[in-house]
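Chemist: this one's structure only:
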């Protein structure tokens with residue numbers, strides 16, 4: 001029997017996967033669609049559609065230290081690997097950082113929620129929400145993940161906003177950064193410039209040159225916006241929705 005605390009703690013991921021957003025999960029549906037188990041870590045593999053492209057070693061170590069001290073407070077979400085010959089292999093839907101941290105501690109097993117009757121769309125959405133709300137995706141990874149939801153599953157900005165708890169304007173503005181110069185996107189992903197800097201550079205020429213200027217001169221977002229307004233961008237004015 002699953003206690004109320006566990007259901008509340010896992011509600012975000014499970015709601016998406018069970019199709020019970022904004023509603024309480026019934027005991028019957030919960031039992032029918034998931035199983036809470038201790039699985040062999042060696043039987044689990046990462047999701048190829050994981051929205052996170054980079055895992056910080058220091059962050060994983062900090063998480064591992066926390067797990068070593070306090071234990072794993074929240075199970076990962078997995079599904080059965082359909083390509084497994086013995087039906088005992090699993091793919092991570094959400095919680096790859098926790099899996100990596102436990103693996104680094106040489107743990108043999110990990111607590112996992114095995115989700116049944118799931119779809120690729122719900123898997124993708126659950127993984128994104130898990131990362132956005134709990135595991136600190138970079139803004140670029142977040143934008144790429146939302147773009148995949150739009151292209152692969154025909155989701156609208158309003159749908160993504162409702163599912164993630166973000167505003168529609170946030171989703172729209174975030175997706176705009178995908179049009180940035182590739183070099184600028186790399187700097188953004190490395191957190192050498194902020195999301196605010198990236199937004200300010202959207203309508204600017206020579207984006208990479210200006211991004212490097214931001215770094216070398218340690219410019220704030222306001223300073224960059226003032227620079228562009230005062231003539232640093234002579235071709236276009238910055239306009240934001």
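Modeler: Great, that's in hand. What you are looking at is a predicted structure, and each value in this text was computed from that prediction instead of being measured.
Chemist: tell me which element the residue positioned nearest the centre of the chain is part of?
Modeler: Centroid check for the chain by C-alpha atoms, centre = their mean gives residue 131 as the closest residue, at 3.1 Å. Assigned by DSSP states H and E, residue 131 falls within helix 120-134.
Chemist: who does that helix touch, helix- and strand-wise?
Modeler: Counting contacts by 3 or more C-beta pairs under 8 Å, 6 or more residues apart in numbering; DSSP states H and E, helix 120-134 is packed against helix 11-18, strand 76-80, strand 90-94, helix 139-153, helix 157-164. C-betas here are computed from N, CA, C, even on glycine.
Chemist: buried residues, that helix. List them.
Modeler: 122-132 (16 or more other C-beta atoms under 10 Å).
Chemist: try stretch 107-118
Modeler: Of the residues in stretch 107-118, those buried by neighbour count under the rule 16+ other C-beta under 10 Å are 107, 110-115, 118.
Chemist: rewinding a little: quick one: contacts of the helix holding residue 131?
Modeler: The contact list for helix 120-134, computed with C-beta atoms under 8 Å, 6 or more residues apart in numbering, reads 12-13, 16-17, 19, 47, 49-52, 77, 79, 93-95, 137, 141-142, 145-146, 148-149, 152-153, 163-166.
Chemist: show me the contacts for residue 186.
Modeler: Not one residue lies near residue 186 by C-beta under 8 Å, 6+ apart.
Chemist: tell me the SS of it?
Modeler: helix (DSSP: H, G, I helix; E, B strand; the rest coil).
Chemist: confirm residue 228 sits in a helix?
Modeler: Yes - secondary structure of residue 228 (three-state DSSP): part of a helix.
Chemist: residue 199 is in contact with that one, correct?
Modeler: No - counting by C-beta atoms under 8 Å, residue 228 stays clear of residue 199, with 11.3 Å between them.
Chemist: what sits in contact with each of these two?
Modeler: In contact with both residue 228 and residue 199: no residue, using C-beta under 8 Å, 6+ apart.
Chemist: pLDDT wise, what is residue 59 at?
Modeler: Looking at residue 59, its pLDDT stands at 85.
Chemist: list the buried residues for the helix or strand hosting it?
Modeler: Assigned by DSSP H and E, residue 59 belongs to helix 57-70. Residues of helix 57-70 classed as buried: 60, 63-64, 67 (neighbour count, 16+ other C-beta under 10 Å).
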